[in-house]
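[1] from the sequence below, what's the structure:
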Amino acid sequence: DNFKVVIRVRPPLPRELKGTALRSYQCTTYVDESCRLITLSENLQAVLQSDGSVPDGLMYATYRFTFDHVYNERSTQEQVYNNTAQQVVLSILQGYNSAIIAYGQTGTGKTYTMEGELTGPQRGIIPRTVEDIFTYIVNDPEPNSKYLVRASYMQIYNEVISDLLKPERTNLAIRENGRRGVFVENLSEWVVRSPAEVYQLME
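    Next comes the predicted model:
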């Protein structure tokens, strides 16, 4: 329960749906009803049986993988957050160290899943997380509770850490000491008082 590996299949882009002069668009992924098993095939229509199952001993290059959860291309931002990310956020608010890491090739939907839009139904994991954190603070029944929320925003790309809120800060180093634990040296921190202030930083 401490670690979960989740896969999200993004919807095809308009240019992908158009295909090319040599080959029309072809769906190559299938997620079964359990939302845990994904099938990848070079000829998906040929290998899927009428009941949606995939037989053994296929002549086409076909692979099957099982994960904690698989979201197909029709899954919404809300479903991804509620089913996978929200429990992690609640754990953080209870004092546990937690992380959500988006990993994949360029163009696979990492930014869309994590950021999406800052308002509306296409909000990604980060905006929804920010909203839940401040909702938790506002609804805290203990009148003497005090909160200080700091925001940082960094990117790890090709093993180089960059500060997205201070773009001039690149090649940052990961450090560890007894007081702070693991941290990124010289990563900027900004005190924020509302989701709107976080979104202003992100923009």
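
[2] next SSE after the longest helix anywhere in the chain?
    Longest among the helix segments of the chain by residue count, using DSSP state H, is helix 125-138. Going down the chain from helix 125-138, the next helix or strand is strand 149-151, by DSSP states H and E.

[3] so who does residue 127 touch?
    For residue 127, the contacting residues are 115-119, 195, 199, by Cβ atoms under 8 Å, 6 or more residues apart in numbering. C-beta here means a position set from N, CA and C on the backbone, and glycine is covered the same way.

[4] if we go to 7 Å?
    Residues near residue 127 by Cβ atoms under 7 Å, 6 or more residues apart in numbering: 116, 118.

[5] could you look up the SS state of residue 156?
    strand (DSSP: H, G, I helix; E, B strand; the rest coil).

[6] who is it paired with across the strands?
    Beta-bridge pairing for residue 156 (DSSP bridges): residue 161.

[7] now do it against residue 33, distance only.
    35 Å (Cβ to Cβ, to the nearest Å).

[8] and residue 173, by the same measure?
    Distance from residue 173 to residue 33, by Cβ to Cβ: 46 Å.

[9] quick one: which of the two has more around it?
    Shown here are residue 173 and residue 33; by other Cβ atoms under 10 Å, residue 173 has more neighbours (10 against 7).

[10] which residue packs closest to the more buried one, ignoring adjacent ones?
    Using Cβ to Cβ, 6 or more residues apart in numbering and skipping residues adjacent in sequence, the residue nearest residue 173 is residue 185, 4.9 Å away.

[11] ok, the nearest residue to residue 177 once chain neighbours are set aside - how many residues close by?
    Spatial nearest neighbour of residue 177, chain neighbours left out: residue 183 (8.0 Å); criterion: Cβ to Cβ, 6+ apart. Using other Cβ under 10 Å, residue 183 has 14 other residues around it.

[12] so what's the backbone phi/psi at residue 183?
    When read as degrees, to the nearest 10, the backbone of residue 183 gives phi -150, psi 170.

[13] CA-only coordinates of the helix or strand of the chain with the lowest mean pLDDT in PDB, if you can.
    Between all helices and strands in the chain, the lowest mean by mean pLDDT, DSSP states H and E belongs to helix 44-47, at a mean of 78. Presented in PDB, the C-alpha positions along helix 44-47 are these (Å, rounded to 0.1, in the frame of the first residue of the first chain):
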ATOM      1  CA  LEU A  44      -5.400  -4.800 -31.500                       C
ATOM      2  CA  GLN A  45      -8.600  -5.500 -33.500                       C
ATOM      3  CA  ALA A  46      -7.200  -8.800 -34.600                       C
ATOM      4  CA  VAL A  47      -6.300 -10.100 -31.100                       C
END
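
[14] good, wrapping up.
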